[in-house]
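> Structure of the sequence below:
(one chain, ligands or ions: 1)
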Amino acid sequence: MRYGYFDDAAREYVITRPDTPRSWINYLGSRLYGGITTQNSGGYSFFRSGGTGRVLRMRFNGVPVDEPGRFVYLRDDDGAGPLPEGDFWSASWQPVGKPLDGEGAYTAKVRHGLGYSVFEADYGDVHSEMTTFIPRGQAFEYWALTVTNTGQVPRRLSVFSYAELANEWNYRQDLENLQYSQYVVQATYADGMIHRRNSTRDAFSELWFALAGAPVASFDTDRDAFLGPYRTPSAPWAVERGECSGSETVGDNSCASLHARLELAPGESRQVVFCLGVGSPDEPWTDSRASAGAPVTLPAGREVVAEYATPERVQAELDAIRQEWADHVAPLQVRTPDPELDSMVNVWHAYQTHMTFNWSRGVSLVEAGDRDGLGYRDTVQDMLAVIHAIPEAVRERLDLILTGQTAEGGGMPLVKPLEHVPGRMPTPSLEQYRSDDALWLPITVAAFVRETGDLGYLDQVLPYADHGEADVFGHLVQALQFSLDHLGDNGLVQGLAADWNDCLQFGTTGESMFSTFLLANGLRVVRELALESGRADAASWAAERLEALAPAIDKAWDGQWFIRGISATGAALGSHLADEGQIYLEPNVWAVISGAVEPERATAAMDSVHTRLASEHGVALCDPPHTKPMEGVGLSLLVFPVGHKENGGIFCHANSWTIVAEAMLGRGDRAYEYYRSYLPARYNDSAEVHQAEPYVYAQFTHGPTSPRFGQARNPWLTGTASWTYVGVTQHILGIRPALDGLEVDPCLPTTWDGFEARRRFRGAWVTVKVENPDHVSTGVVHLDVDGTRVEGTVAPGHLLREGAVVTVRLGASQA
Ligand code: IFM
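So this is what the prediction gives:
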């Protein structure tokens with residue numbers, strides 16, 4: 001069943017049935033002020049932090065879903081049209097939820113765009129269009145509502161807003177510490193604006209809410225007065241009655257309800273604009289919380305409304321947001337034989353990589369705000385997909401995360417940007433480190449240097465988290481040294497608190513094959529960077545260390561694949577000899593990606609992955625999933641039923657590495673088969689199977705051993721976004737930065753004739769045209785830049801001037 005379609009020209013996903021299998025969301029705003037909206041305008045907002053800057057409340061996992069949110073009700077005030085007097089509905093399908101089928105049904109069209117969502121509705125000869133977004137660089141949001149009388153008779157309508165304002169910045173305080181948070185809140189109304197304050201000393205917060213475009217007919221600032229006792233947002237008392245009660249909040253719960261009356265002639269449209277912002281209505285306001293980093297000062301709400309709340313300004317700000325996002329996704333646009341790939345790569349997948357970069361794992365409908373901060377490994381990986389689009393922002397983040405590395409080389413599990421003080425953070429104990437965290441650094445630093453061509457970045461001196469400093473290259477060496485200092489009895493890297501897989505704890509005496517391959521990969525990359533930057537000694541050091549790892553890697557071969565690790569008691573996990581968890585995906589893909597194993601084993605390992613783990617919805621993480629503890633290794637994945645998440649689920653983040661690994665083996669059909677297997681867009685017409693949004697990646701799909709096989713969960717904030725982007729663009733399409741230019745070395749499905757791409761590279765817009773007349777997967781026969789033939793697969797940087805055209809011919813032999 002389909003619920004919507006991709007409108008690539010508008011860069012929108014258009015939902016035509018709002019009763020989607022789960023809430024399908026969109027993100028609004030920036031790291032200053034952000035928000036989430038569902039297709040039914042449920043959702044919440046946050047200022048500077050999802051966890052400690054809550055503006056609009058969200059009751060997670062609530063029933064009904066999609067509530068609370070940014071709700072606008074419409075009410076028929078005279079019964080002159082086809083509706084009875086007093087009938088009411090909402091500008092988004094929910095919360096009122098009028099019937100979607102049958103005579104007089106409510107019809108909805110929701111356009112999720114990049115940075116905005118538009119809710120169109122038709123009901124009872126009234127068309128409404130509500131646009132929600134946060135203007136660039138601002139700490140307030142618009143809900144702009146245009147109402148049109150599409151009938152033949154004049155209509156009198158009421159419009160009511162409704163949102164639950166959080167009582168406290170801290171989302172937990174707001175939702176859980178009610179003995180406190182419910183008694184610090186006050187909200188008043190004056191001259192068209194609601195003013196919500198709380199009076200805690202440590203975290204003073206103020207919000208304002210305004211209506212422009214029509215006089216305020218009535219208001220409520222008290223949630224329970226607006227809703228009425230024992231009612232829900234589906235039928236608020238005030239809306240049913242046709243008027244708010246003028247309540248002002250002293251304690252309990254506040255809300256933002258302003259009511260306007262509209263009279264519309266046939267065919268007439270009116271726009272009213274609701275604005276919700278941080279700060280005071282009447283004075284500038286400063287966020288000077290000690291925990292919030294540098295103070296931020298915001299203008300008075302009335303000034304904001306006077307400047308911004310006109311129809312012309314709303315349109316101009318919407319255009320600016322659309323342009324900003326068009327600019328962010330423009331640096332790589334592709335045209336391939338696969339329209340679903342194009343919709344994803346050109347619009348939604350690119351957008352998702354920016355959302356993970358912005359919000360890490362902090363705010364979604366799954367992440368409530370507890371994981372406020374930057375998880376080390378997640379953040380380092382999240383940068384990979386946006387370097388070409390926002391190199392300056394990545395550099396800033398890279399600087400920050402490098403200062404989250406301790407002097408002994410490991411990564412702090414979490415870096416909180418607003419509280420992080422390099423040089424002063426406590427050093428974790430060995431048991432607290434994850435063995436992979438800092439090992440991701442070489443990949444991302446190399447990608448940054450190759451994209452920008454800025455080798456000098458390696459010389460920049462940055463402090464460590466706890467004490468001391470080093471240049472960036474030194475930080476990379478130290479990351480490798482940390483793992484080399486913590487090898488186990490079998491010569492593999494100690495697993496510590498976890499490796500990439502949060503649910504496998506090998507501890508200080510067990511060893512992780514994943515982290516071992518990541519170390520090998522890091523040594524390879526650091527060696528390359530050392531050679532590129534003239535550090536011969538370091539290059540030799542890395543080569544020697546890599547060679548020294550080889551015997552331990554060799555012993556980890558299980559016959560047809562690599563083991564996952566060795567427990568504290570010496571047992572192999574991920575071995576054919578085990579009862580459960582006989583084969584794991586992660587070590588086998590990284591065996592290939594690291595380049596640390598001979599081609600025969602690399603191929604055999606990936607063949608085993610295909611035989612044992614692949615399915616129609618993607619590749620499971622392990623097989624058979626675990627039901628019993630294993631001596632000497634912490635398997636916290638046992639908390640998951642078989643086939644779920646890390647316990648044999650289809651972990652999409654790890655699936656992205658199958659694309660990379662197969663492409664590195666030159667097997668384009670298989671790489672593409674894996675790419676398609678969990679491509680959200682391919683489920684557009686079978687959304688009831690996949691359930692999650694068809695326009696963004698999810699963290700995982702329930703695996704073959706689960707009764708929920710095929711259902712995707714935890715969409716949006718996942719490393720799947722960045723690594724799948726790398727997989728499809730750099731390995732299937734094969735366009736990747738190199739120090740001396742732009743490499744084009746695709747690994748295509750053999751059915752493709754070729755493809756085209758437009759790429760920004762070091763400031764120049766370049767067109768790439770790949771022809772595949774022989775229907776091969778790999779093999780660059782020749783590469784030309786503006787008609788000049790070039791040896792190899794790299795278009796040299798000095799030839800890539802503005803408008804350059806790189807033409808690549810793939811083929812079986814020299815032509
Ligand atoms: O690698 C982790 C990630 O850091 C958080 N989500 C789950 C992944 C796999 O366990």
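> State the next helix or strand along the chain beyond the helix or strand hosting Pro442.
Taking DSSP states H and E as the criterion, Pro442 maps to helix 441-452. Note on helix 441-452: by DSSP H and E, the next helix or strand toward the C-terminus is strand 461-463.
> helix or strand right after that next one?
Where DSSP H and E defines the elements, the next helix or strand beyond strand 461-463 is strand 469-471.
> Touching, Tyr351 and Trp325? I think so.
Yes. Tyr351 is in contact with Trp325 according to CB atoms under 8 Å; the separation is 6.9 Å. Where C-beta positions appear, they are placed from N, C-alpha and C, glycine not excepted.
> List the buried residues in stretch 239-254.
For stretch 239-254, burial by neighbour count (16 or more other CB atoms under 10 Å) applies to 239, 242-244, 247-249, 253-254.
> wait, which of those is closest to the ligand?
Asn253 (33.6 Å; CB to the nearest ligand atom).
> residues contacting that closest one?
Listed by CB atoms under 8 Å, 6 or more residues apart in numbering, the contact set of Asn253 reads 164, 167, 182, 185, 222-224.
> Looking at those residues, state which has the most neighbours.
Within the contacts of Asn253, Asn167 tops the neighbour count with 30 neighbours, counted by other CB atoms under 10 Å.
> quick revisit: show residues contacting the helix holding Pro442.
For helix 441-452, the surrounding residues in contact (CB under 8 Å, 6+ apart) are 380-381, 383-384, 387-388, 391, 394-395, 398, 401-402, 405, 411, 454-455, 457-458, 472, 475-476, 479-480, 521-522, 525-526, 528-529, 532, 736-739, 761-762.
> Try it again at 7 Å.
Contacts to helix 441-452, defined as CB atoms under 7 Å, 6 or more residues apart in numbering, come from residues 380, 383-384, 387-388, 391, 394-395, 398, 455, 457-458, 472, 475-476, 479, 522, 525-526, 529, 737-739, 762.
> Buried among these? Make that a PyMOL selection.
The buried residues among these can be selected in PyMOL (16+ other CB under 10 Å) with this line:
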select buried, resi 380+383+384+387+388+391+394+395+398+457+458+472+475+476+479+522+525+526+529+737+738+739+762
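> quick revisit: could you tell me which residues touch both of Tyr351 and Trp325?
In contact with both Tyr351 and Trp325: Leu114, using CB under 7 Å, 6+ apart.
> which residues of the stretch 51-200 of the chain fall in helices?
Using DSSP state H, counting those that start in this stretch, the helices found in the stretch 51-200 of the chain span residues 171-176, 178-181.
> whoops, the stretch 601-750 of the chain was the one
Counting by DSSP H, counting those that start in this stretch, the stretch 601-750 of the chain has these helices, from start to end: 652-664, 668-677, 687-690, 720-725.
> for these, which one sits closest to Thr148?
For those, the distance to Thr148 is smallest for helix 687-690, at 30.1 Å, taking CB to CB.
> circling back: neighbour count for Tyr351 and Trp325, which is higher?
A direct count of neighbours by other CB under 10 Å for Tyr351 and Trp325 places Tyr351 higher, at 23 against 19.
> contacting residues for that one?
By CB under 7 Å, 6+ apart, the residues touching Tyr351 are 114, 325, 329.
> do that again at 6 Å, thanks
Residues in contact with Tyr351 (CB atoms under 6 Å, 6 or more residues apart in numbering) are Leu114.
> Mind checking which of the buried residues of stretch 239-254 land in helices?
Val239 (DSSP state H).
> what's the closest of the buried residues of stretch 239-254 to Val216?
Minimum distance to Val216 across the buried residues of stretch 239-254 is 9.2 Å, recorded for Cys244 (CB to CB).
> tell me the angle the helix or strand harbouring Val526 makes with helix 441-452.
Secondary structure from DSSP H and E places Val526 in helix 513-532. Using axes from the mean of the first three to the mean of the last three CA atoms, to 10 degrees, the inter-axis angle of helix 513-532 relative to helix 441-452 is 40 degrees.
> Check which helices and strands the helix or strand following helix 513-532 is in contact with.
From helix 513-532 onward toward the C-terminus, using DSSP H and E, the following helix or strand is helix 536-555. Helix 536-555 sits against helix 513-532, with contacts defined as 3 or more CB pairs under 6 Å, 6 or more residues apart in numbering; DSSP states H and E.
> what residues does the helix it packs on touch?
Outside of helix 513-532, the residues within contact range by CB under 6 Å, 6+ apart are 435-436, 439, 442, 446, 476, 480, 483, 492-493, 499-500, 538-539, 542-543, 545-546, 549, 556, 562-565, 586-587, 590-591, 594-596, 739.
> about what we covered before: I'd like the helices of the stretch 601-750 of the chain laid out as TSV, including mean neighbour count.
What follows is the helices of the stretch 601-750 of the chain, written out as TSV (neighbours: other CB atoms under 10 Å):
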stretch	mean neighbour count
helix 652-664	26
helix 668-677	22
helix 687-690	18
helix 720-725	27
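> Which of those helices sits closest to the ligand?
Closest of the helices of the stretch 601-750 of the chain to the ligand is helix 652-664, at 6.2 Å (criterion: CB to the nearest ligand atom).
> Pull the residues that contact the closest one.
Residues outside helix 652-664 that contact it (CB under 6 Å, 6+ apart): 585-586, 589, 592-593, 606, 618-619, 621, 670-671, 674-675, 678, 697, 700, 718-720, 723-724, 727, 731-732, 747.
> Quick check: nearest residue in space to His731, chain neighbours excluded?
Take His731 and drop its neighbours on the chain: the residue closest to it by CB to CB, 6 or more residues apart in numbering is Ala663, 3.6 Å away.
> whoops, I mixed them up, Leu414
Here the residue nearest Leu414, using CB to CB, 6+ apart, is Gly373, at 4.6 Å.
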